[in-house]
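Engineer: here is the input, now give the coordinates:
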Amino acid sequence: MTGKLAGKIALVTGAGQGIGRGIALALAKESAVVGLVARRSAACEKVAAEIHELGGQCLVMACDVGARDQVNRAVAAVVERFGGLDVLVNNAQSSRQGPVARITDEDLEMCWRSGALGTLYCMQAALPHLRARGGGSVVNFGSSTAMDGDAAFGAYAMAKEAIRGLSRVAAREWGRYGIRVNVIVPIALSPSAEQFAMDHPERFAAAAAALPLGRMGDPELDIGRAVAALVSDDFGYLTGQTLRLTGGG
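Structural biologist: Purely as a prediction, here's the structure:
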């Protein structure tokens, strides 16, 4: 195993599809071993098969990141299986859309628990293991819809901007341990984007064409490989930052 992440142990949430799958594959191609987490393990099993075909190692776990006890068990399983943890990628997030005037407690609970709370639980569970390895890297996920204030994304935006605030604080608190915490804001062909493209092909094509690079990002090539670079020693002096991988949008 000769990739830049050889010897590194990573955990990726929401790893069964879309951006999470792309990140998991990109990490494996750089020789990291990867824990694959999703609410339903079946999707992750397909990703695991792809990693095994590459000659990589991985572990599949069903886990609702909004449940602290399940998160603790998932992190402990990765550590027990592979001997530690160096990289945490908090990609999991559910969304519910609607105008601000009609946001319900149920909308908030779904977005908040799967996003902000899930990210916090994973970070807290990972911290002692990252410290034990002498440092590491946490990558959390924001959203361009939150940063730009897109209509109908109020509950989702609340959760995503909370994650960015949490990340900045953790970067300051955990830097003394050699742990870096950064945020990526992606525009890529997630399952929801693919569904939108099928339902509204003309609107999707117009949105992609409006980006300076003229296309939506690829989950593995544009987002996954960037994550692999970010968690490597190549970016060892970067922490507390938000990186927009949005094709210039």
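Engineer: and the closest residue to residue 171 other than its chain neighbours, how many neighbours does it have?
Structural biologist: Leaving aside its sequence neighbours, residue 171 sits nearest to residue 240 (Cβ to Cβ, 6 or more residues apart in numbering; 3.4 Å). All C-beta spots, glycine's among them, are computed from the backbone N, C-alpha and C. If you count neighbours by other Cβ atoms under 10 Å, residue 240 ends up with 16.
Engineer: now the helix or strand of the chain with the lowest mean pLDDT: how far from the chain's centre is it?
Structural biologist: Across the helices and strands of the chain, the lowest-confidence element by mean pLDDT, DSSP states H and E is helix 191-199, at a mean of 88. Relative to its chain's centre, helix 191-199 lies at 20 Å (Cα atoms, centre = their mean, to the nearest Å).
Engineer: mind listing what's buried in it?
Structural biologist: Using 16 or more other Cβ atoms under 10 Å as the burial criterion, the residues of helix 191-199 that qualify are 193, 197.
Engineer: what packs against that helix?
Structural biologist: Here helix 191-199 touches helix 201-210, going by 3 or more Cβ pairs under 8 Å, 6 or more residues apart in numbering; DSSP states H and E.
Engineer: buried stuff in the helix it packs on?
Structural biologist: Applying a neighbour-count criterion of 16+ other Cβ under 10 Å, the buried positions in helix 201-210 are 204, 207-208.
Engineer: can you check stretch 209-223 too?
Structural biologist: So for stretch 209-223, counting by 16+ other Cβ under 10 Å, buried means 216-217, 219-220, 222-223.
Engineer: cool, stretch 69-78 as well?
Structural biologist: Neighbour counts over stretch 69-78 (16+ other Cβ under 10 Å) mark 70-71, 74-75, 77-78 as buried.
Engineer: now those as TSV including distance to residue 227?
Structural biologist: Formatted as TSV, these follow (distance: Cβ to Cβ, whole Å):
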residue	distance to residue 227
70	23
71	20
74	19
75	19
77	22
78	17
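Engineer: could I get those as JSON lines with pLDDT?
Structural biologist: As requested, those are exported to JSON lines (pLDDT from 0 to 100):
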{"residue": "70", "pLDDT": "98"}
{"residue": "71", "pLDDT": "98"}
{"residue": "74", "pLDDT": "98"}
{"residue": "75", "pLDDT": "98"}
{"residue": "77", "pLDDT": "98"}
{"residue": "78", "pLDDT": "98"}
